[in-house]
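J.: Predicted model and sequence follow; I will ask about them next.
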Amino acid sequence: MERFDVIIVGAGLAGLAAAYTLAGEGVEVVVLERGDYPGAKNVSGGRLYLNPVRDLFPGLWDEAPLERAIVREGATLMARNRSFTFHYTGGELRNGKPQSCSILRSKFDRWFSGRAEERGAMILAKTLVTDLVRENGKVCGVVAGGDELRADVVIACDGALSLLPEKAGLRSPGLSRDYAVGIKEVIRLEPGVISDRFNVGDGEGAAHLFAGDITRGLFGGGFLYTNRDSLSLGLVVSIGDMAKEAAAGDAPSLFDAFKARPEVEPLIRGGQTVEYGAHVIPEGGYRGLSGLCGDGLLVAGDSAGFALNLGFTVRGMEYALASGYYAAKTVIAARKAGRFDATALAAYRQSLEESFVLKDFRTFKDTPRVLANPHLFGHYPELIGNLLRDLYTVPAGPKSPVFTTLRRHLTLSELWTMLLDVKEVAKI
């Protein structure tokens with residue numbers, strides 16, 4: 001039997017962050033990745049917020065293959081036949097180090113795995129982990145390709161549908177309401193066309209979110225990020241909602257309709273699709289998190305549920321990087337103490353509690369419930385769209401006063417419903 005100090009399952013951001021940190025401290029670590037190479041199976045949306053993790057990996061970001069620094073934010077609220085869009089740009093987005101960058105995970109993950117290997121980590125691709133190995137109730141390895149590999153600690157980082165936390169008794173089978181399906185295309189465009197089309201300079205980029213009729217009233221939305229010479233365009237829809245509302249259609253059909261919308265089609269016009277994929281995304285927030293540690297086992301990244309949809313931003317990559325880092329630091333301390341039981345590894349959760357990771361998840365613990373309000377994806381886009389239609393329409397005859405137009409749409413019943421919804425939104 002092969003034996004290592006640490007086995008990491010999954011070569012995504014969490015797994016590679018853990019391997020990079022452990023190998024830097026001389027720990028013998030192996031990363032088992034089921035894809036052909038790290039990043040081969042990753043179709044994540046494509047935006048990394050750097051400020052929360054900049055100091056955890058000093059020197060890494062100066063050479064990392066990031067795409068464009070995001071200097072322009074946008075959002076579009078879509079009704080059936082109309083929409084409302086706003087853009088934001090500020091000096092803080094352009095001055096100094098970038099707050100966030102677009103990223104192509106297939107490129108970045110492969111590069112990051114190389115940095116981890118340079119430090120001494122071993123990356124084994126095309127290796128599927130099917131089970132945990134236990135002795136006296138403690139996790140002491142994994143079963144991969146029919147063989148047993150042993151280690152003092154296993155770190156599960158193999159994605160939202162990881163079964164390892166379940167096998168270890170750290171969580172129950174997932175609920176459909178806590179997951180969404182994300183579909184993404186990478187669409188090739190000339191760099192100059194991207195800069196002109198999105199009103200940004202060389203090396204600068206834009207991020208845009210979409211919500212409303214594109215998901216037929218279901219929880220979810222769309223996104224677009226500009227890369228150096230491509231666009232990442234995607235749609236995310238709640239699996240729980242799709243199971244309940246079959247009439248809304250399937251996710252690929254919704255995505256095709258989203259691409260054809262007049263708000264989207266001109267942005268991708270002339271582009272060539274070079275990548276297409278879909279994956280499952282954790283959407284449960286704080287209440288959907290897995291147990292994080294057990295005897296000989298830590299859980300990080302999407303496997304733990306570390307993704308947070310705030311409506312105006314969607315975050316996950318920095319949580320994956322940070323959780324991998326803190327998992328590694330916990331293992332390093334456990335090795336010095338010579339203990340790898342749940343009590344020793346509980347320092348991992350404490351580190352996350354003291355960091356931005358679980359502080360954010362606690363702060364926004366009500367967000368999934370608030371954003372699940374169907375009014376946000378059906379009723380309000382139509383209301384705002386119809387109100388703006390009437391305000392901007394110039395009829396052949398006399399135009400109604402502005403107050404009359406507002407009163408026609410914003411009835412007492414409507415205002416009361418809005419007040420109740422605003423009270424819920426205020427909780428986040």
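T.: In hand now; what should we look at?

J.: Can you check the pLDDT for the residue most central in space within the chain?
T.: The centroid of the chain falls nearest to residue 316 when counting by CA atoms, centre = their mean (3.8 Å). pLDDT for residue 316: 93.

J.: Phi first, then psi, for it.
T.: Main-chain dihedrals, residue 316, degrees, to the nearest 10: phi -170, psi -40.

J.: Phi and psi next, for the nearest residue to it once chain neighbours are set aside.
T.: Spatial nearest neighbour of residue 316, chain neighbours left out: residue 307 (3.8 Å); criterion: CB to CB, 6 or more residues apart in numbering. Every C-beta, even on glycine, is put in place using the N, C-alpha and C of the backbone. For residue 307, the backbone dihedrals (degrees, to the nearest 10) come out as phi -140, psi 140.

J.: Return the residues in contact with residue 307.
T.: Counting by CB atoms under 8 Å, 6 or more residues apart in numbering, residue 307 touches 160, 281-283, 314-316, 319.

J.: just residue 302 next, same as before
T.: Per CB under 8 Å, 6+ apart, neighbours of residue 302: 12, 14, 157, 159-160, 162, 281-282, 316, 320.

J.: can you give me the strands for the stretch 251-400 of the chain?
T.: 272-282, 293-294, 297-299, 308-309, 314-315 (DSSP state E, counting those that start in this stretch).

J.: which strand residues sit across from residue 187 in the sheet?
T.: Note on residue 187: beta-bridge partners residue 231, residue 273, judged by DSSP bridges.

J.: mind listing what the closest residue to residue 308 other than its chain neighbours touches?
T.: Closest residue in space to residue 308, ignoring its immediate chain neighbours: residue 315 at 4.9 Å, by CB to CB, 6+ apart. Contact partners of residue 315, counting by CB under 8 Å, 6+ apart, are 49, 307-309, 360.

J.: Check what pLDDT residue 43 gets.
T.: 67.

J.: oh, I was asking about residue 425
T.: Value listed for residue 425 in the pLDDT field: 80.

J.: so where's the stretch 201-350 of the chain shaky on pLDDT?
T.: When residues are selected by pLDDT under 70, those of the stretch 201-350 of the chain lie in 245-249.

J.: mind redoing it with 90?
T.: 215-220, 238-253, 275, 277-279, 283, 309-314 (pLDDT under 90).

J.: How are the helices of it distributed by residue range?
T.: 239-244, 251-260, 265-268, 317-337, 342-345, 347-354 (DSSP state H, counting those that start in this stretch).

J.: and of these, who's closest to residue 123?
T.: With CB to CB, the closest approach to residue 123 among these belongs to helix 317-337: 14.2 Å.

J.: how close does the residue nearest to residue 316 get to residue 313?
T.: As for residue 307, its distance to residue 313 is 12 Å (criterion: CB to CB, to the nearest Å).

J.: what secondary structure does residue 184 sit in?
T.: Three-state call for residue 184 (DSSP: H, G, I helix; E, B strand; the rest coil): strand.

J.: Please name the nearest non-neighbouring residue to it.
T.: residue 234 (3.6 Å).

J.: what's the answer for residue 414, then?
T.: Using CB to CB, 6+ apart, the nearest residue to residue 414 is residue 383, at 7.3 Å.

J.: what do you get for residue 106?
T.: Nearest residue to residue 106 in three dimensions, chain neighbours excluded: residue 39, at 4.2 Å (CB to CB, 6+ apart).

J.: Tell me the pLDDT of the one you found.
T.: pLDDT, residue 39: 87.

J.: Would you check that it makes contact with residue 103?
T.: No - taking contacts as CB atoms under 8 Å, residue 39 lies outside contact range of residue 103: 10.6 Å.

J.: hang on, the earlier thing: count of residues packed around the residue nearest to residue 414?
T.: Using other CB atoms under 10 Å, residue 383 has 17 other residues around it.

J.: ditto for the one 4 residues further on
T.: Counted with other CB under 10 Å, the burial measure for residue 387 works out to 16 neighbours.

J.: and the gap between it and residue 319?
T.: As for residue 387, its distance to residue 319 is 37 Å (criterion: CB to CB).

J.: Does residue 86 belong to a helix, a strand or coil?
T.: Reduced to three states by three-state DSSP, residue 86 is strand.

J.: Confirm for me that it is in contact with residue 74.
T.: Yes - proximity of residue 86 to residue 74 meets the contact threshold set by CB under 8 Å, at 6.9 Å.

J.: Between the two, which is the more surrounded one?
T.: For residue 86 versus residue 74, the count of surrounding residues by other CB under 10 Å is larger for residue 74: 16 against 9.

J.: Can you say which helix or strand has the more buried one in it?
T.: strand 69-78 (DSSP states H and E).

J.: For that strand, give me every contacting residue.
T.: Applying CB under 8 Å, 6+ apart, the contact partners of strand 69-78 are 47, 83-89, 93-94, 98-102, 198-201, 203-214, 225, 261, 263, 312, 380-381, 384-385.

J.: if you set the cut-off to 6 Å instead, what comes out?
T.: 83-85, 87-89, 93-94, 98, 100-101, 200, 204-214, 263, 381 (CB atoms under 6 Å, 6 or more residues apart in numbering).

J.: And for stretch 333-341?
T.: The contact list for stretch 333-341 (CB under 6 Å, 6+ apart) reads 152-153, 295-296, 344.

J.: same thing but at 7 Å, please
T.: By CB atoms under 7 Å, 6 or more residues apart in numbering, the list of residues contacting stretch 333-341 from outside reads 138, 152-153, 295-296, 344-345, 347.

J.: Right, I'll call it a day here.
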